[in-house]
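Peer 1: only geometry, no sequence info:
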Ligand SMILES: NC(=O)c1ccc[n+]([C@@H]2O[C@H](COP(=O)([O-])OP(=O)(O)OC[C@H]3O[C@@H](n4cnc5c(N)ncnc54)[C@H](O)[C@@H]3O)[C@@H](O)[C@H]2O)c1
Ligand SMILES: O=C(O)C[C@H](O)C(=O)O
Ligand SMILES: [Mg+2]
């Protein structure tokens, strides 16, 4: 077994980028890779460019003599130079508005990304806690809003409604032979910022940066994609600088035909690639998931990744109350937001409750109260989406009297006294003082408030509000990062980050390494349970429900291994490269981690 791991790992290493320094505990110096390019073509290719770090022998061999300043810098010197520039920028922009600072930081990182990916990812991996909010949520939202103005160089692929019939050949325009991970959006629901058309490409770029930094996917094998079918955003349609198709969004069969053609093209060229759907508006998020999940190795991160992260948080909230996990089945949960994320969370939580109840043979009740922009959803609601109807309140003996159709959030919280209040509404500040004070009367000794909407401006509340109005016993988590709150007497109110970034890189990695035909509910469940059990009881007691962003590589390796094991157990794993399904099946947990560590750049 060790021999086969070593054989495979050396292959994996050979497939990795030219010059990345060793990062995983088991990684060794990568073997040189063969580059066809020479001269300026190398300097202009961020995958291969080393800037001033090309040694003289390589300068000769690659036709670079005279094209670079004479002094050869080491990678470490380049690294230090970049970090110094970044720190100066932080110093020089102190006191400027947050958005100016955030965009300035994004620009300097983006320039490095476009110039020298090896250095970019080293910097990102080493400083993930500081830099994740710049290349990912929340700054990525600001970048998408301003993408047409910020645009300097293309990144990823742009498929549009005008490319109908051409996609099968277009896909071969991508210069890399092999692609492992694709993140695709149609730009229709970018974070809580709505329809941003082609500008939504910033989201796949940010998510794939995390795939490289957290899951160790080779940066040459990731592909960010936007499917531009138009936009219904009037402001963008009227903007002369807007870079997307200036037409209303395609709908119905016309829309589906474009996405179908894209999926067929991807599958034809890279049958093993994992495709992550991201930030599609609700109707297309569900429709595409149902349509493709058994045909392709794909998942929808907003529906399924978010659900797993929220479930881990919900189980953590039960532990924080000092109760056994089985008590999850009797937690009362109010959810504000019945969109793709809200319904994804509810479905997975319901599934988990059913699993737990099945073990003891008990009968369950509807533990959820769901609100959308029109208030509480009941069976009296007209034209109820079937996905939402499963959670609508009825009129039976288990119902709370007087909670009528369309009841307001504060009414619902006052009457239900929920253990958990969870927001996936995309509306900032709706967990206002009145609502939070009502949460003080929660039936839980540790009321949990999850303000999961992104970016920061759309968070349903802040941690300061929660610890002030609900009390020190409260538990807080948000989608975008917030700072911890000092509660006085040396105590800390923890601002957990409940973001799907704790799961999606591990789901993609596990799917890829197992060579799963598709991504099953059990694989997703395994990832969520792994995240839930990652936090110790001591941490939970302090109100810590999620790991620090700085441990994202570690958690991703564990989630990845859990997903591989689940794929093997379900007989969905077909193996990856030289590791066949049989070998995967007989590998120990340690070897899974070893395998996963080898993929780190
Ligand atoms: N933290 C994470 O990991 C994570 C993951 C996915 C989505 N999100 C965030 O969740 C938000 C929603 O995403 P989505 O895909 O479900 O969007 P969506 O547009 O599909 O759904 C939004 C839902 O919120 C409801 N809503 C609007 N105003 C409301 C109000 N005042 N009270 C209660 N409900 C209200 C809408 O009716 C709709 O049901 C976005 O901000 C997104 O960034 C966060
Ligand atoms: O992108 C994020 O930060 C999380 C999530 O996928 C979202 O859509 O908000
Ligand atoms: Mg998303």
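Peer 2: Good, I have the coordinates. All values derive from a computational prediction rather than experimental measurement. Numbers count the residues shown, from 1 in each chain. Ligands and ions are numbered 1, 2, ... in the order given.

Peer 1: Okay, strands next: where are they in the stretch 251-400 of the chain?
Peer 2: Secondary structure of the stretch 251-400 of the chain, counting by DSSP state E, counting those that start in this stretch: strands at 274-277, 298-300, 333-336, 368-372, 375-376.

Peer 1: How about the chain?
Peer 2: Under the criterion DSSP state E, the chain carries strands at the ranges 157-160, 181-185, 222-228, 274-277, 298-300, 333-336, 368-372, 375-376, 420-423, 448-451, 475-478, 485-488, 491-493, 495-497.

Peer 1: Quick check: the gap between the residue lying closest to residue 144 once chain neighbours are set aside and residue 233.
Peer 2: Nearest residue to residue 144, sequence neighbours excluded (CB to CB, 6 or more residues apart in numbering): residue 202, at 4.1 Å. Heads up, the C-betas are built off the backbone N, CA and C, glycines and all. To residue 233, residue 202 is 15 Å away according to CB to CB, to the nearest Å.

Peer 1: Mind checking which of these two has more residues around it?
Peer 2: residue 202 (29 against 21; other CB atoms under 10 Å).

Peer 1: Can you report how many residues lie near residue 332?
Peer 2: Residue 332, neighbours per other CB under 10 Å, totals 18.

Peer 1: which residues touch it?
Peer 2: For residue 332, the contact set (CB atoms under 8 Å, 6 or more residues apart in numbering) comprises 367, 369, 416, 417, 418, 419, 420, 443.

Peer 1: residue contacts, the third one?
Peer 2: The contact partners of residue 416, by CB under 8 Å, 6+ apart, come to 332, 334, 369, 400, 403.

Peer 1: pretty sure the second one is touching residue 411, no?
Peer 2: Yep, that's residue 334 we're talking about. No. Using CB atoms under 8 Å, residue 334 is not in contact with residue 411, being 10.8 Å away.

Peer 1: Phi first, then psi, for the nearest residue to residue 354 once chain neighbours are set aside.
Peer 2: The shortest distance from residue 354 to any non-neighbouring residue, by CB to CB, 6+ apart, is to residue 364 (6.5 Å). Per-residue torsions, residue 364: phi -110, psi 170 (degrees, to the nearest 10).

Peer 1: And residue 364, what's its pLDDT?
Peer 2: The model reports residue 364 with a pLDDT of 88.

Peer 1: Could you do residue 17 as well?
Peer 2: 28.

Peer 1: Enumerate the residues of the stretch 1-150 of the chain near ligand 3.
Peer 2: Contact residues, the stretch 1-150 of the chain versus ligand 3 (CB under 5 Å from the ion): none.

Peer 1: again with the chain
Peer 2: Of all the residues in the chain, those lying near ligand 3 are 278, 279, 302, going by CB under 5 Å from the ion.

Peer 1: Provide a list of residues in contact with the first one.
Peer 2: If a contact means CB under 8 Å, 6+ apart, then residue 278 has 183, 184, 185, 203, 204, 207, 300, 301, 302 as its contacts.

Peer 1: Going through the residues you listed, which ones are buried?
Peer 2: 183, 184, 185, 203, 204, 207, 300, 301, 302 (16 or more other CB atoms under 10 Å).

Peer 1: show me which of those neighbour ligand 1.
Peer 2: Counting by CB under 6 Å from any ligand atom, residue 302 from these sit close to ligand 1.

Peer 1: Using TSV, lay out the buried ones among the contacts of residue 278 together with pLDDT.
Peer 2: Compiled in TSV, the buried ones among the contacts of residue 278 are given as follows (pLDDT from 0 to 100):
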residue	pLDDT
183	98
184	99
185	98
203	98
204	98
207	98
300	98
301	98
302	98
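
Peer 1: Tabulate the buried ones among the contacts of residue 278 in a markdown table, adding columns for distance to residue 113.
Peer 2: What follows is the buried ones among the contacts of residue 278, written out as a markdown table (distance: CB to CB, whole Å):
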| residue | distance to residue 113 |
| --- | --- |
| 183 | 16 |
| 184 | 20 |
| 185 | 19 |
| 203 | 15 |
| 204 | 14 |
| 207 | 14 |
| 300 | 26 |
| 301 | 21 |
| 302 | 24 |
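
Peer 1: Need the phi and psi values for the residue in the stretch 101-250 of the chain that ligand 1 sits nearest to.
Peer 2: Of all residues in the stretch 101-250 of the chain, the one sitting closest to ligand 1 is residue 192 (2.8 Å; CB to the nearest ligand atom). Taking degrees, to the nearest 10, you get phi -100, psi 20 for the backbone angles of residue 192.

Peer 1: what's the neighbour count on the closest residue to ligand 2 within the stretch 401-550 of the chain?
Peer 2: For the stretch 401-550 of the chain, the residue closest to ligand 2 is residue 454, as judged by CB to the nearest ligand atom, at 3.7 Å. Residue 454: 25 surrounding residues under other CB under 10 Å.

Peer 1: ok so, going back, closest one of the contacts of residue 278 to residue 64?
Peer 2: Closest to residue 64 out of those is residue 204 (32.3 Å), distances taken as CB to CB.

Peer 1: My read is that the closest one contacts residue 185, right?
Peer 2: Yes. Using CB under 8 Å, residue 204 is in contact with residue 185, at 5.7 Å.

Peer 1: what do these two both touch?
Peer 2: 225, 226, 278.

Peer 1: Out of those, flag the one nearest to ligand 3.
Peer 2: residue 278 (4.9 Å; CB to the ion).

Peer 1: Now stretch 339-359: average pLDDT?
Peer 2: Rounded mean pLDDT across stretch 339-359 is 97.

Peer 1: Show me which residues of it are buried.
Peer 2: Buried residues in stretch 339-359 (16+ other CB under 10 Å): 339-350, 352-353, 356-357.

Peer 1: what's the average pLDDT for stretch 222-233?
Peer 2: 98.

Peer 1: Quick one: end-to-end distance for it.
Peer 2: 29 Å (CA to CA, to the nearest Å).

Peer 1: List just the nearest of the contacts of residue 416 to ligand 3.
Peer 2: Closest to ligand 3, out of all of those and judged by CB to the ion, is residue 334, at 22.3 Å.

Peer 1: so who does that closest one touch?
Peer 2: 368, 369, 370, 371, 409, 412, 413, 416, 418, 420, 421, 422.

Peer 1: what about the top helix by length along the chain, near ligand 1?
Peer 2: Secondary structure of the chain per DSSP state H: the longest helix is helix 340-360. Yes. Using CB under 6 Å from any ligand atom, helix 340-360 reaches ligand 1 at 340, 341, 342.

Peer 1: Tell me the helices and strands packed up against that helix.
Peer 2: Secondary-structure packing of helix 340-360 (3 or more CB pairs under 8 Å, 6 or more residues apart in numbering; DSSP states H and E): helix 282-292, helix 306-320, strand 333-336, strand 368-372, helix 386-389, helix 521-534.

Peer 1: cutoff 6 Å now
Peer 2: In terms of contacts (3 or more CB pairs under 6 Å, 6 or more residues apart in numbering; DSSP states H and E), helix 340-360 is packed against helix 306-320.
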